[in-house]
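> Got a sequence here, can you model it:
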Amino acid sequence: MRTAIEVSHLRKVYGPVVAVDDLSLTVPVGAFFGFLGPNGAGKSTTIGCLTGLLDPTAGEIRIFGEPADAPTVKRRIGVMPETLGLFDGLYAHEFLSFQARMFGLDAMTTRRRVEELLDALGLAGEGGKRLADFSAGMRKRVAFAAAIVHTPDLLFLDEPFESIDPAGVASMKSWLRAIVAQGRTVFITSHVLDTVERLCDRVAIIATPGRLVWTGDVTPLATGQSVERQGRRFASLERLYLDCAGRSSAALEWV
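Take a look at the predicted model:
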């Protein structure tokens, strides 16, 4: 099995705060991999370490067999971070063109891809606005476009569907399925469990602080079968997740 991501005993601390604790996981090439966990469990911190944006406190990360911060790795990945990383003073076409040229696309290819992305994402008519004036959903679309414009072999997406309207989400899902069908790899975090269940073939679930509690194949759920954890069977990703997170719905008498 060829691996896109290999993480061994990853640990990240900020002073006295442990954000990720002894995390080990493997993501095969061509996987649609869901990375789940409660708010504050360390998902974004983990992605920061995997993409070379953060230095791990301990542990080893290899992307396509190389260190995560290697220049050859950075050319092969696309990242849509939680903070989006947009340059607010630019127009959308300027930002996307900058992103494409930074990854080595020639001028003609850059122009064509930027035009196609802006049109497909419903942003072609927003050319007079700078990114600072975009709505939250429009900013998300631009960040997604920037992550895929250079056709990366490995795509990291941190909550990509939040604030996006249904039509935009449908387009993004279609493109992500196409990326995986081509043998490339998608690593996604999301709190929309139904979406993760329909999209992903493998899932890892972490609990605070950044400890792996379950990982496995979730494709049986799509055909009405179940998955197993500690001798118990679960017929949906939501039930599995809640069991892993150790949380149940609290009753409020006044509701």
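> C-alpha from now on. contacts and neighbour counts both.
Will do.
> For the stretch 1-150 of the chain, just list every one of the strands.
Assigned by DSSP state E, counting those that start in this stretch, the stretch 1-150 of the chain shows strands spanning 3-14, 17-28, 32-36, 58-63, 66-67, 77-80.
> Using TSV, lay out these together with distance to residue 127.
Shown next, in TSV, are the strands of the stretch 1-150 of the chain (distance: least, Cα to Cα, whole Å):
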stretch	distance to residue 127
strand 3-14	37
strand 17-28	38
strand 32-36	33
strand 58-63	36
strand 66-67	39
strand 77-80	22
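> So for residue 239, which of those sits nearest?
strand 32-36 (13.1 Å; Cα to Cα).
> Please work out which of the strands of the stretch 1-150 of the chain is packed deepest.
strand 32-36 (a mean of 25; mean count of other Cα atoms under 10 Å).
> Show me what it pairs with in its sheet, parallel or antiparallel.
Counting by DSSP bridges, the strands paired with strand 32-36 are strand 185-189 (parallel), strand 202-207 (parallel).
> so the last one versus strand 17-28, what angle?
Think strand 202-207. 170 degrees (axes from the mean of the first three to the mean of the last three Cα atoms, to 10 degrees).
> from the middle of its chain, how far away would strand 202-207 be?
The chain centre lies 13 Å from the centre of strand 202-207; the measure is Cα atoms, centre = their mean, to the nearest Å.
> tell me the domain boundaries of this protein?
The record's domain parsing of the chain by automatic domain parsing lists 1-76+152-215, 89-149.
> So what's the residue count around the nearest residue to residue 85 once chain neighbours are set aside?
Closest residue in space to residue 85, ignoring its immediate chain neighbours: residue 143 at 7.5 Å, by Cα to Cα, 6 or more residues apart in numbering. If you count neighbours by other Cα atoms under 10 Å, residue 143 ends up with 24.
> So residue 143 is in contact with residue 83, correct?
No. Look at residue 143 against residue 83 with Cα atoms under 8 Å: they stay out of range, at 9.5 Å.
> what sits against the residue most central in space within the chain?
The residue lying closest to the centre of the chain (Cα atoms, centre = their mean) is residue 157, at 2.2 Å. For residue 157, the contact set (Cα atoms under 8 Å, 6 or more residues apart in numbering) comprises 79, 80, 81, 186, 187, 188, 189.
> One more pass at 7 Å, please.
Applying Cα atoms under 7 Å, 6 or more residues apart in numbering to residue 157 gives the contacts 79, 80, 81, 187, 188, 189.
> And it, which helix or strand is it part of?
Using DSSP states H and E, residue 157 maps to strand 154-158.
> For the helix or strand that that strand is followed by, which outside residues touch it?
Sequence-wise, the next helix or strand downstream of strand 154-158 (DSSP H and E) is helix 166-181. By Cα under 7 Å, 6+ apart, the surrounding residues in contact with helix 166-181 are 30, 31, 32, 121, 161, 186.
> re the thing from before, now the domains of the chain as TSV including distance to residue 241 and mean pLDDT?
Compiled in TSV, the domains of the chain are given as follows (distance: least, Cα to Cα, whole Å; pLDDT from 0 to 100):
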stretch	distance to residue 241	mean pLDDT
domain 1-76+152-215	7	93
domain 89-149	26	93
